[in-house]
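# Would you be able to build a 3D model of this:
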Amino acid sequence: TLGGSVQDGDLALIAAPLDALGINYYTPTRIQAPTSEGLPCEEAPIEGYRRTAFGWPVVPDGLRELLVGLKERYPALPPVYLTENGCSVDDVVTADGTV
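Numbering: from 1, shown residues only. This is a model prediction of the structure:
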């Protein structure tokens, strides 16, 4: 049902071994069974954590759990690089000009 977006040779190309895996990580997502018809799951709130300026929960163990889980599930992973991570906050400039 990809509407012809997979072209001849695409599957062979994407089946090639990875040289490296880059991870962009900002926040975890919790999913649950759907409360209505349609999608097979839906996002569930993660309570009890500080929030970024975007409203995302800041879960300190989330990145560790992701990396440990990847290593356990895929022990033959190529080198893993954290290519992006962090959180957004509303910066405030103080009277002396520092943030």
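# center of this protein, which residue is that?
Tyr25 (4.7 Å; C-alpha atoms, centre = their mean).
# phi, psi of that residue?
phi -130, psi 130 (degrees, to the nearest 10).
# Please, where are all the strands along this protein?
Assigned by DSSP state E, the strands in the chain fall at 21-25, 30-32, 42-44, 80-85.
# any chance of those in JSON lines, with distance to Asp91 and mean pLDDT too?
In this view, the C-beta of every residue, glycine as well, is placed from N, C-alpha and C. Converted to JSON lines, those look like this (distance: least, C-beta to C-beta, whole Å; pLDDT from 0 to 100):
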{"stretch": "strand 21-25", "distance to Asp91": "21", "mean pLDDT": "96"}
{"stretch": "strand 30-32", "distance to Asp91": "28", "mean pLDDT": "94"}
{"stretch": "strand 42-44", "distance to Asp91": "28", "mean pLDDT": "93"}
{"stretch": "strand 80-85", "distance to Asp91": "18", "mean pLDDT": "94"}
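# Output the ones you listed as CSV; include the columns distance to Arg50.
Formatted as CSV, the strands of the chain follow (distance: least, C-beta to C-beta, whole Å):
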stretch, distance to Arg50
strand 21-25, 17
strand 30-32, 16
strand 42-44, 18
strand 80-85, 16
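# what's near enough to touch the closest residue to Ile23 other than its chain neighbours?
Using C-beta to C-beta, 6 or more residues apart in numbering and skipping the chain neighbours, the partner closest in space to Ile23 is Leu82 (5.5 Å). Taking C-beta atoms under 8 Å, 6 or more residues apart in numbering, we find Leu82 in contact with Gly22, Ile23, Tyr25, Leu63.
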